[in-house]
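S.K.: Have a look; sequence and predicted model below, questions after that.
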Amino acid sequence: MSTAAFHPAVAHWFDAAFPGPTEAQAAAWPAIMAGRSTLVAAPTGSGKTLTAFLAAIDALVREALEQGGLADETRVVYVSPLKALSNDIALNLEAPLAGIGVALRELGLPEVGIRTAVRTGDTPQSERARLRRRPPHILVTTPESLYVLLGSESGRAMLRTVRSVIVDEIHALAGNKRGSHLALSLERLEALCARPLVRIGLSATQKPVEEVARFLVGAGNVHPGRD
């Protein structure tokens, strides 16, 4: 897949920043943009995190332009087992948003105002209160903080509008207690939202990759005899 399927502003930023999509990106984007849960299994350096974020950003850009803005609702949850998220988020989320904002202005289109926020155990109370007042469109968090949010009234109010969830480093979670805990949180999140969530898993190459995919989508969504 080329970037032609993206909104022109999104495609313009990507084409200016990179020589072209990686193999993982070209294979994953059609499935994600079609609303299918997708496991992106590829080596380090193949652009997996940007694969997921750019598809999410594209959907938000289109929604904002079609509806004249975005509601104050969280649409995307990105879950990473790593607390050291700053560099990864700056590279794969903040930089694309800034570049796409420039591209929108160059096309004579309005700003879309996509808000992001990081919520971990280290997030100050003042920042947590701000998130409750005005939820981010893209929430970056850890498995443990997602569990805490699902257990609070304000957290559930913020999360019930989620449409897609991105699980990074999923291979590091699938075979341990932390992963079991996250699997339960994902089921609780989907029940809260009362709709099937698009689940995007980002994984280093693993064997058997089918087991990681089953962990991503949940046992209730695994159908014998179907891919």
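M.R.: Cool, the structure landed. Just so it is clear, the structure is predicted and the values come from calculations on it, not from any experiment.

S.K.: burial count for I200?
M.R.: For I200, the tally of surrounding residues (other Cβ atoms under 10 Å) stands at 28. For glycine as for every other residue, the C-beta is placed from the backbone atoms N, C-alpha and C.

S.K.: make that D72, sorry
M.R.: 13.

S.K.: Let me see the contact set for it.
M.R.: Contact analysis of D72 by Cβ atoms under 8 Å, 6 or more residues apart in numbering lists 134-135.

S.K.: switch the cut-off to 10 Å
M.R.: 115, 133-137, 158, 161 (Cβ atoms under 10 Å, 6 or more residues apart in numbering).

S.K.: Let's see the ChimeraX selection covering just the buried ones among these.
M.R.: Command for ChimeraX, covering only those of the contacts of D72 found buried under the criterion 16 or more other Cβ atoms under 10 Å:
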select :115,135,136,137,158,161
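
S.K.: Make a markdown table from the contacts of D72 and add distance to R105 to it.
M.R.: Listed next are those as a markdown table, based on distance: Cβ to Cβ, whole Å:
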| residue | distance to R105 |
| --- | --- |
| R115 | 18 |
| R133 | 28 |
| R134 | 23 |
| P135 | 25 |
| P136 | 22 |
| H137 | 19 |
| M158 | 30 |
| T161 | 28 |
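
S.K.: Sort out for me which of the contacts of D72 are in helices.
M.R.: In helices, judged by DSSP state H, the following of those are found: 133, 158.

S.K.: can I get the contacts of D72 in CSV with pLDDT?
M.R.: Shown next, in CSV, are the contacts of D72 (pLDDT from 0 to 100):
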residue, pLDDT
R115, 95
R133, 89
R134, 91
P135, 95
P136, 96
H137, 97
M158, 96
T161, 97
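
S.K.: Let me know the closest of the contacts of D72 to Y78.
M.R.: Among the contacts of D72, P136 lies closest to Y78 (Cβ to Cβ), at 10.5 Å.

S.K.: Name the nearest residue to the closest one, sequence neighbours excluded.
M.R.: Excluding its sequence neighbours, the residue lying closest to P136 (Cβ to Cβ, 6 or more residues apart in numbering) is A117, at 3.8 Å.

S.K.: Each with direction, which strands does the helix or strand harbouring the one you found pair with?
M.R.: Here A117, judged by DSSP states H and E, is contained in strand 116-119. If you go by DSSP bridges, strand 116-119 pairs up with strand 138-141 (parallel).

S.K.: Which secondary structure element of the chain has the lowest mean pLDDT?
M.R.: Every helix and strand of the chain was ranked by mean pLDDT, DSSP states H and E. The lowest is helix 86-89, at a mean of 72.
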